[in-house]
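Undergrad: Okay, here's the prediction I keep looking at, along with the sequence it came from:
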Amino acid sequence: MTGIRPHAKQKSGALTKAELDKKEPGLSGTFASVLILGAFIAISWIGVFVLFIARN
Amino acid sequence: MHVHRLEKIWLSIGISMLAIFLIVIAATAFGMGMSPPSEHHHTIDPTQVTTTAPFDNPGLKQTGDNRYEAVMIAYAFGYEPTTLEVPVGATIDFTVTSSDVVHGFQIVGTNVNMMIEPGEISHMSYKFDKPGEYLVLCNEYCGTGHEYMKTTIVVK
């Protein structure tokens, strides 16, 4: 069906596969989540390292 | 292959964090000698522990100025000798083995934490800067009396 008018949106309002492939993915939410996870990892690593040095 | 700008940022953060962690660990291990107890590979016949030196005479021996060697045997369910008395500020080189099964040797509140395996001799050093009574626990399951297995090091 999308072959007849390849640049048109489907009736349901969803993007066609061609349009999805061209559009840039929105990664700002993912970026924020990755940074939060990275901060958690960094803080726990530093915390354990501080304990290690203190108990030496 | 197209890598999104934000992906490049978080990938570089992740890789740099890993590099920093590894460099710090390598520096403390090789530069400051903070390495795991497995570093010195030293074996023994576990059935002959009580007759093999230095374990035929366990206990504390002075080896230098404010330096002692603590030779200990872990067994089910205790440590020999039962209590060690150490002067404050002394560095103790622990030499520990097991005469039966795998045990643990952890001085609570310190970094001394090692597995004592039959057939292997474990080495770890610690400087006791603070006086007090230090609890030594077995943290490797060794049988029905495992939870009672402990000893103390008194530092005065």
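TA: Cool, got the structure.
Undergrad: show me what contacts B:G78?
TA: Neighbour list for B:G78: B:149-151 [criterion: CB atoms under 8 Å, 6 or more residues apart in numbering or on different chains]. Every C-beta, even on glycine, is put in place using the N, C-alpha and C of the backbone.
Undergrad: Could you do B:D45 as well?
TA: B:52, B:119.
Undergrad: And it, how far from chain A?
TA: 33 Å (CB to the nearest CB, to the nearest Å).
Undergrad: Mind picking the one among the contacts of B:G78 that's closest to B:A90?
TA: Taking CB to CB as the measure, B:A90 sits nearest to B:T151 out of the contacts of B:G78, at 17.6 Å.
Undergrad: So what's the residue count around that closest one?
TA: 20 (other CB atoms under 10 Å in any protein chain shown).
Undergrad: tell me the SS of it?
TA: strand (DSSP: H, G, I helix; E, B strand; the rest coil).
Undergrad: how about the residues of chain B near chain A?
TA: B:4, B:6-7, B:9-10, B:13-14, B:17, B:21, B:24, B:34, B:109-111 (CB under 8 Å from any CB of the partner chain).
Undergrad: Give me the lowest-pLDDT entry from the residues you listed.
TA: Lowest in pLDDT among the residues of chain B next to chain A is B:M34, which has 78.
Undergrad: need the contact list for that residue.
TA: Taking CB under 8 Å, 6+ apart, one finds A:52, A:56, B:28, B:111 in contact with B:M34.
Undergrad: hmm, try it at 7 Å
TA: B:M34 is in contact with A:56, B:28, counting by CB atoms under 7 Å, 6 or more residues apart in numbering or on different chains.
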